[in-house]
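S.K.: Sharing a sequence plus its predicted fold:
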2 protein chains.
Amino acid sequence: MRDEFAKIEWLKTRFALDGESEKVLVGIGDDAAVIDFGSRPTIVTVDTQVEGVHFRTELLSCRELGYRAMVAAVSDVWAMAGMPTASVIALTLPAALSDEDFRELIDGLAGAARTTGARVIGGNLSQGPSLSVTTTVFGLPISESLTRRGAQPGDSIYVTGTLGSAALGLAVLQAGRLDLEGAERFAERWKRPPLNGSAATVLARIATAAVDVSDGCLQDLEHLAAASGVGAVVHAEAIPTAPGYRAACDALSVDPNVLALSGGEDYELLFTARASSEAAALGTEIGEIVEGSGARVVDASGSTIEIGRSGFRHFS
Amino acid sequence: MRDEFAKIEWLKTRFALDGESEKVLVGIGDDAAVIDFGSRPTIVTVDTQVEGVHFRTELLSCRELGYRAMVAAVSDVWAMAGMPTASVIALTLPAALSDEDFRELIDGLAGAARTTGARVIGGNLSQGPSLSVTTTVFGLPISESLTRRGAQPGDSIYVTGTLGSAALGLAVLQAGRLDLEGAERFAERWKRPPLNGSAATVLARIATAAVDVSDGCLQDLEHLAAASGVGAVVHAEAIPTAPGYRAACDALSVDPNVLALSGGEDYELLFTARASSEAAALGTEIGEIVEGSGARVVDASGSTIEIGRSGFRHFS
């Protein structure tokens, strides 16, 4: 299957349309795919995962990479309260990539596409010096699109799931410390971003603004605050972390608060809403929106804590 | 502007919405873009250009690369008789890329987006070991989507413009032979794929099948024939080439027919249609669709000519 067209033939089979196929008018194998999104607005997002930057093949199998690349891109659709409907994938493959690894990569992408609803309808294969996966995902807004721009003073700030576990998992893998208590669980959390599809449905009803936590909670919150023209206060003691998280951070000599607030790649949903039992059922309240600008972290006494590193940032 | 977010701020300005903005509900800077495609099917295509594979920065400026990447992707929309409406771009940038080159790249992309109608509504920036540009383009079918699948025995085969000039231009650049008669023109033809938007409008009315010539005319024709379940015969003497093309091929010791039929990157439109004056006004008739399978080339006496290299192929 060294040949591009042999690969495409296999991909046509692999991504054979299942269910809902009336909406895909032209699928894989033509110049472009044609899909009928119906008469509603369409959400479009694109994300790239590059070998050596977003992942290292020593730490992540090709199957895990495929799964992760798709869910990371879909996460942006959920953060806009959208329901993923389709995707196109552009793969850059090094000449040395084995057929086995190629199949595993596609299986990972396909598995995540099936799980999230972002069915693969087309794509592009290209050779290149290093492995990279660019995923474009389409979605339908569940009600109207949720953006980063609607947060208002008095809103509470919530986050789904826990923070820091993905960054801890990566740290564990990089340090080769899978012997630590719970290490496998954290490593797995880094490899498999959470599936927040049902959370997105609730966000559509209650959130005033949302963003997915990809660059680090504090940095993503700063972006939400800037887009909304407001300020944000986060209570350090309210940050939700997983069982065993703080002990593992101690063992690796990393600051648990810094990692939770700036570690990145959590792919949880950070949202603002009027405080309600429904919001509290969906996420943990970590702070509040205030007049002003920027995001600051305070301790239990209300004093500001400096968080050194403000999230994963390219080109810094 | 080394910083990702500084780049994004600049991109928001650079791709500021102009015209038709009511259709873009959420633009650059959020998790995803939201566009209202109305109630018609949407064409989606994705294409990647990788440094060292599709281009070399010695031969192509960043501005030219941007322009070329966008038009090459848009070309797939035209081949489906679509009107480009929007695009999202995923850029992988080496750390050493200068701000000047980054701006030039974006200017090239933006210029082509404006010219073709594929307005940039979102994207992703990522660092990586080599420069690559992945362009996802959306389009509206002008009538219903044209595919590769409708060719019928008795149809004539047409191609817009001329063939081989782009491959010749690349050969000229690689050989450092800009001194040859017409060399600048061929080099320019490789750098700037043709704008076939108005041809797409006519295709919507008259074509039975179409494909854009990216991998080489003969190879792309084989794909069209296979998709349609028919065979194709091409008359070598009918191949349209540019003035000075054959002389320049001779000077470089390349076979003009082989280059025209297999050189690739022409980005012209190859289509099948019932012979008509309208079809002949749009393209040059180069052969006919027959019963059977595959594509073969014949000389003036009807004897089959072997064309050695069958187009640009990744992973071969």
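M.R.: Good, I have the coordinates. Since the structure is predicted, the reported quantities are computational estimates derived from the model, not experimental observations.
S.K.: could you pull out the strands for the stretch 1-150 of chain A?
M.R.: Counting by DSSP state E, counting those that start in this stretch, one finds strands in the stretch 1-150 of chain A at the ranges A:24-26, A:33-35, A:42-50, A:82-93, A:119-127, A:132-141.
S.K.: can you check the stretch 201-316 of chain A too?
M.R.: A:209-212, A:231-235, A:269-273, A:284-290, A:294-298, A:304-305.
S.K.: do you know which of those strands lies nearest chain B?
M.R.: strand A:209-212 (6.0 Å; CB to the nearest CB). (Each C-beta comes from the backbone N, C-alpha and C, glycine too.)
S.K.: Turn the strands of the stretch 201-316 of chain A into TSV, including mean pLDDT, distance to residue A:198 and mean neighbour count.
M.R.: Output for the strands of the stretch 201-316 of chain A, formatted as TSV (pLDDT from 0 to 100; distance: least, CB to CB, whole Å; neighbours: other CB atoms under 10 Å in any protein chain shown):
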stretch	mean pLDDT	distance to residue A:198	mean neighbour count
strand A:209-212	96	14	28
strand A:231-235	97	25	21
strand A:269-273	98	11	28
strand A:284-290	98	17	20
strand A:294-298	95	27	19
strand A:304-305	90	33	12
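S.K.: possible to save those as JSON lines with distance to chain B?
M.R.: Output for the strands of the stretch 201-316 of chain A, formatted as JSON lines (distance: least, CB to the nearest CB, whole Å):
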{"stretch": "strand A:209-212", "distance to chain B": "6"}
{"stretch": "strand A:231-235", "distance to chain B": "17"}
{"stretch": "strand A:269-273", "distance to chain B": "10"}
{"stretch": "strand A:284-290", "distance to chain B": "18"}
{"stretch": "strand A:294-298", "distance to chain B": "14"}
{"stretch": "strand A:304-305", "distance to chain B": "22"}
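S.K.: show me the contacts for residue A:100.
M.R.: Contacts for residue A:100 were tallied using CB atoms under 8 Å, 6 or more residues apart in numbering or on different chains; there are none.
S.K.: per-residue confidence at it?
M.R.: Note on residue A:100: pLDDT of 90.
S.K.: re earlier: just say which of the strands of the stretch 1-150 of chain A is most tucked in.
M.R.: Highest mean neighbour count among the strands of the stretch 1-150 of chain A (mean count of other CB atoms under 10 Å in any protein chain shown): strand A:132-141, with a mean of 28.
S.K.: and it, what does it pack onto?
M.R.: Packing partners of strand A:132-141 (3 or more CB pairs under 8 Å, 6 or more residues apart in numbering or on different chains; DSSP states H and E): strand A:42-50, helix A:62-79, strand A:82-93, helix A:99-116, strand B:42-50, strand B:82-93, strand B:132-141.
S.K.: which stretch among the strands of the stretch 1-150 of chain A comes nearest residue B:231?
M.R.: Comparison of these against residue B:231 by CB to CB identifies strand A:24-26 as nearest, at 22.8 Å.
S.K.: if you average pLDDT over the closest one, what comes out?
M.R.: 64.
S.K.: again with stretch A:306-316
M.R.: 56.
S.K.: what does stretch A:60-69 give?
M.R.: For stretch A:60-69, the mean confidence score works out to 95.
S.K.: Identify all contacting residues around that stretch.
M.R.: Contacts for stretch A:60-69 (CB under 8 Å, 6+ apart): A:47, A:49, A:55, A:57, A:101-102, A:104-112, A:131, A:133, A:135, A:191-193.
S.K.: and the strands of the stretch 1-150 of chain A, which one is worst for confidence?
M.R.: strand A:24-26 (a mean of 64).
S.K.: Just the buried positions in stretch A:211-221, please.
M.R.: Of the residues in stretch A:211-221, A:211-221 count as buried by neighbour count, 16 or more other CB atoms under 10 Å in any protein chain shown.
S.K.: From the chain's centroid, how far away is that stretch?
M.R.: Distance of stretch A:211-221 from its chain centroid, counting by CA atoms, centre = their mean, to the nearest Å, is 10 Å.
S.K.: which outside residues touch it?
M.R.: So stretch A:211-221 is contacted by A:72, A:75-76, A:78-79, A:148, A:157, A:159, A:163, A:196, A:223-224, A:232, A:234, A:239, A:260-271, A:295, A:297, A:307, A:309-313, B:31 (CB under 8 Å, 6+ apart).
S.K.: if you set the cut-off to 7 Å instead, what comes out?
M.R.: A:72, A:75-76, A:78-79, A:148, A:157, A:159, A:163, A:223-224, A:232, A:234, A:260-270, A:295, A:297, A:307, A:310-313, B:31 (CB atoms under 7 Å, 6 or more residues apart in numbering or on different chains).
S.K.: Among the contacts of stretch A:60-69, name the buried ones.
M.R.: Buried residues within the contacts of stretch A:60-69, counting neighbours by 16+ other CB under 10 Å: A:47, A:49, A:55, A:101-102, A:104-106, A:108-110, A:112, A:131, A:133, A:135, A:191-193.
S.K.: Near chain B, which residues of the stretch 151-300 of chain A? Just list them.
M.R.: Neighbours of chain B within the stretch 151-300 of chain A, by CB under 7 Å from any CB of the partner chain: A:211-212.
S.K.: ok, which stretches of the stretch 151-300 of chain A are helices?
M.R.: Along the stretch 151-300 of chain A, counting by DSSP state H, counting those that start in this stretch, helices occupy A:165-175, A:183-191, A:197-206, A:217-228, A:245-251, A:256-262, A:277-282.
S.K.: In terms of secondary structure, what does the third one contact?
M.R.: Counting by 3 or more CB pairs under 7 Å, 6 or more residues apart in numbering or on different chains; DSSP states H and E, the packing neighbours recorded for helix A:197-206 are helix A:62-79, strand A:269-273, helix A:277-282.
S.K.: Export only the CA atoms of the longest one, formatted as PDB.
M.R.: It stands for helix A:62-79. Taking Å, rounded to 0.1, in the frame of the first residue of the first chain, the C-alpha atoms of helix A:62-79 are listed here in PDB:
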ATOM      1  CA  CYS A  62      -0.300   5.800  15.700                       C
ATOM      2  CA  ARG A  63      -3.800   4.600  16.700                       C
ATOM      3  CA  GLU A  64      -3.700   6.800  19.800                       C
ATOM      4  CA  LEU A  65      -2.500   9.700  17.700                       C
ATOM      5  CA  GLY A  66      -5.400   9.300  15.300                       C
ATOM      6  CA  TYR A  67      -7.900   9.200  18.100                       C
ATOM      7  CA  ARG A  68      -6.400  12.100  19.900                       C
ATOM      8  CA  ALA A  69      -6.100  14.300  16.700                       C
ATOM      9  CA  MET A  70      -9.800  13.800  16.000                       C
ATOM     10  CA  VAL A  71     -11.100  14.400  19.500                       C
ATOM     11  CA  ALA A  72      -8.900  17.500  20.000                       C
ATOM     12  CA  ALA A  73     -10.400  19.000  16.800                       C
ATOM     13  CA  VAL A  74     -14.000  17.900  17.700                       C
ATOM     14  CA  SER A  75     -13.500  19.500  21.100                       C
ATOM     15  CA  ASP A  76     -13.600  23.000  19.500                       C
ATOM     16  CA  VAL A  77     -17.000  22.100  18.100                       C
ATOM     17  CA  TRP A  78     -18.300  21.100  21.500                       C
ATOM     18  CA  ALA A  79     -17.000  24.300  23.000                       C
END
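S.K.: does residue A:238 really touch residue A:280, like I thought?
M.R.: No. Using CB atoms under 7 Å, residue A:238 makes no contact with residue A:280, being 11.7 Å away.
S.K.: Residue B:119 is nearest to which of the strands of the stretch 1-150 of chain A?
M.R.: Among these, strand A:42-50 sits nearest to residue B:119 (CB to CB), with 12.1 Å.
S.K.: what's the closest one in contact with?
M.R.: Outside of strand A:42-50, the residues within contact range by CB under 7 Å, 6+ apart are A:55, A:65, A:69, A:72-73, A:76-77, A:80, A:82, A:130, A:132-141, A:145, B:31-35, B:37, B:88, B:90, B:92, B:121-124, B:126, B:128, B:134, B:136.
S.K.: Could I get the strands of the stretch 201-316 of chain A in TSV, plus columns for distance to residue A:173?
M.R.: Shown next, in TSV, are those (distance: least, CB to CB, whole Å):
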stretch	distance to residue A:173
strand A:209-212	22
strand A:231-235	27
strand A:269-273	24
strand A:284-290	26
strand A:294-298	27
strand A:304-305	28
